[in-house]
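> Kindly generate the corresponding structure for this input.
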Amino acid sequence: MSMFFRGLLLSIALVSSIGMQNLFVFNNAINQRLPRAGIVAVMVWFADTALTLAAFFGMGALIGAHETVKLVIMLLGGILVLWIGFGILRSASSFRLASSSQTMPMGKSLVNAWVVTWANPQAIIDTSLMFGALRSTLADGEVFPFITGVITATAIWFAGITLILGLLKERLPQKLMLWVNILSGIVVMVYGGYLLWQAGQLFW
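Alright, predicted model coming up:
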């Protein structure tokens, strides 16, 4: 199997797990009109690609060598994750499917796309250590095709789920979409609390 397809398959397996980033993309596709949801999905992909490249080319070594860096990432990330989850729950109380009159501030969308990717400390740590280790096993000629496969897979994933949910949401009951938002907010807040608990374990 070529290095490109190895990177592609590995990345699909990683990105398809239900986490904060995917919950954000799901909610974005449900709550926004498809063209705007597509723009935000592209922003998420840029943020994810930046994290992947940083992890692949050396951030794992920094985190592995400095426990204080890991603690700071866990603390700040846990607080931000809690805030994002609270925001999802708050928006659920006034939920309605996107209409032609709804707009999304692009500045806020850009910030949120980067926050859900870079404010996830567990993802930063796991991704950095894993990709850092993988990089050390590749020959120089294998690096480019492998990492190209990785970022191609995330582009396919984010675009695919945004397109599918964007096209199907009008056929699904609005109450179901409301509960998707509520459950997403709860999951994200619980995850944020767990990250803070882990940070406390590191500190003590």
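
> Mean pLDDT per helix and strand in the protein: which one sits at the bottom?
helix 60-65 (a mean of 58; mean pLDDT, DSSP states H and E).

> which stretches of this structure form helices?
3-15, 20-31, 34-54, 60-65, 67-92, 106-118, 121-137, 140-168, 174-203 (DSSP state H).

> Could you save these as CSV and add columns showing mean neighbour count?
Glycine gets a C-beta too; all of them are placed from N, C-alpha and C. Converted to CSV, the helices of the chain look like this (neighbours: other Cβ atoms under 10 Å):
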stretch, mean neighbour count
helix 3-15, 18
helix 20-31, 23
helix 34-54, 19
helix 60-65, 16
helix 67-92, 17
helix 106-118, 17
helix 121-137, 18
helix 140-168, 17
helix 174-203, 16
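
> If you average pLDDT over each of the ones you listed, which is lowest?
When those are compared by mean pLDDT, helix 60-65 comes last with a mean of 58.

> I'd assumed Phe24 was in contact with Asn120.
No: here Asn120 does not reach Phe24: they are 10.1 Å apart, not a contact under Cβ atoms under 8 Å.

> Correct me if wrong: Val44 contacts Leu23.
No: under the criterion of Cβ under 8 Å, Val44 makes no contact with Leu23, lying 11.3 Å away.

> who touches both of the two?
Counting by Cβ atoms under 8 Å, 6 or more residues apart in numbering, no residue touches both Val44 and Leu23.

> Tell me how far the residue nearest to Leu110 when sequence neighbours are not counted lies from Val115.
Using Cβ to Cβ, 6 or more residues apart in numbering and skipping residues adjacent in sequence, the residue nearest Leu110 is Met43, 5.5 Å away. Applying Cβ to Cβ, to the nearest Å, the value for Met43 to Val115 is 11 Å.

> got it, and Leu34?
23 Å.

> Equivalent analysis for Val72, please.
From Val72 to Val115 the distance is 16 Å (Cβ to Cβ).

> With Leu134 instead?
Distance from Leu134 to Val115, by Cβ to Cβ: 26 Å.

> what's the answer for Leu196, then?
16 Å.

> With Val150 instead?
In terms of Cβ to Cβ, Val150 sits 22 Å off from Val115.

> Over to Leu75?
Taken as Cβ to Cβ, the span from Leu75 to Val115 is 15 Å.

> same question, Asn28
For Asn28 relative to Val115 (Cβ to Cβ), the value is 13 Å.

> and what of Leu82?
Taking Cβ to Cβ, one finds Leu82 at 12 Å from Val115.

> now Ile161
Distance from Ile161 to Val115, counting by Cβ to Cβ: 19 Å.

> Also Leu89?
16 Å.

> got it, and Arg6?
Arg6 is 30 Å from Val115, by Cβ to Cβ.

> swap in Arg171?
Here the criterion is Cβ to Cβ. By it, Arg171 lies 31 Å from Val115.
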